[in-house]
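Visitor: Show me how the following folds:
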Amino acid sequence: MNEHWTIGDLAKASGVTIRTLYYYDEIGLVSASDRTASGHRRYTGDDVRRLYRVRALTQLGLSLDEVGRVLARGAEDLAALRDLLQAQLADLEVRARQLAEVRARVRGLVDQLAGETMPAPARFLSTLELTGQLYGQLSAEQRDALAERRAELGADTVDALRSEWVEVVRELKRHVVTGTPPADPAVRELAARWERVTGAFRTGRPHVDEQIGATSGVAWQEHGTRIDEYLSDRVDWLEPGDMVAIVDLVRQARS
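Guide: Predicted coordinates:
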């Protein structure tokens, strides 16, 4: 019960970077309750439990601002912790089902190859799609960096940027429908606005931003059609194929 952790020990044990722990301290999410005589941080068991809640909530998709509000409503309440764990368990069960499906498909490919029969290309493609969804996500460092950047911008700014991006997409669709060429000044201005909006979320860490850009590019390249379908199902003014055409128009306008 009296165990204490240095910031380095806690980072190593939890898989959270020291920089992230400093940032959590700075914004008041997780702070070390104790200090040594020389002023070094010492984290207590309560601090570790709070860190667990923060990580669990962010993994469920909440922003750091939202996490702070949740914890402020009763971070130490047993019922709240039980609800959090149940939500996390539900998320893990979905991932487990996805992983079980990938395992079954890969096992099927292995069994078919053992029988000296080449599986159809469609079976390979469907398996690659599932594994890409599971493993082609952002790393913990990249997710943390994006969360920190969103917190720096603030909820109002993030909402304004999202609204502007939707407006840009709507205008770009109009140009796609009318067949406006990529070199048209109006299209180029919209492409520049697209770049300004997305650029606002850059973390300021060149290697992280480069990795995020590469990961996003691969995700679009491999799952662009599925993303397009997802958006067209949820946005009433988008039709199937619209986002693919819009992204292509932006790329041409940039070049």
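
Visitor: Would you agree residue 30 falls within a helix?
Guide: No: counting by DSSP: H, G, I helix; E, B strand; the rest coil, one finds residue 30 to be coil, located in no helix.

Visitor: right, and it touches residue 22 too?
Guide: No: between residue 30 and residue 22 there is no contact, the gap being 10.2 Å when judged by Cβ atoms under 8 Å. C-beta: built from backbone N, CA, C; applies to glycine.

Visitor: what about those two, which has more around it?
Guide: Between residue 30 and residue 22, counted using other Cβ atoms under 10 Å, the more crowded position is residue 30 (24 against 12).

Visitor: contacting residues around the closest residue to residue 14 other than its chain neighbours?
Guide: Nearest non-adjacent residue to residue 14, counting by Cβ to Cβ, 6 or more residues apart in numbering: residue 51, 6.3 Å away. Contact partners of residue 51, counting by Cβ atoms under 8 Å, 6 or more residues apart in numbering, are 10, 14, 16, 24, 30, 43.

Visitor: so which of those residues would you say is closest to residue 200?
Guide: When the contacts of residue 51 are compared for distance to residue 200 (Cβ to Cβ), residue 24 wins out at 22.6 Å.

Visitor: Give me the nearest residue to the closest one, chain neighbours excluded.
Guide: Nearest non-adjacent residue to residue 24 (Cβ to Cβ, 6+ apart): residue 30, at 4.2 Å.

Visitor: one step back: please produce TSV containing the contacts of residue 51, extended by pLDDT, distance to residue 166 and secondary structure.
Guide: Shown next, in TSV, are the contacts of residue 51 (pLDDT from 0 to 100; distance: Cβ to Cβ, whole Å; DSSP: H, G, I helix; E, B strand; the rest coil):
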residue	pLDDT	distance to residue 166	secondary structure
10	88	40	helix
14	83	37	helix
16	84	33	coil
24	89	31	helix
30	91	34	coil
43	91	41	strand
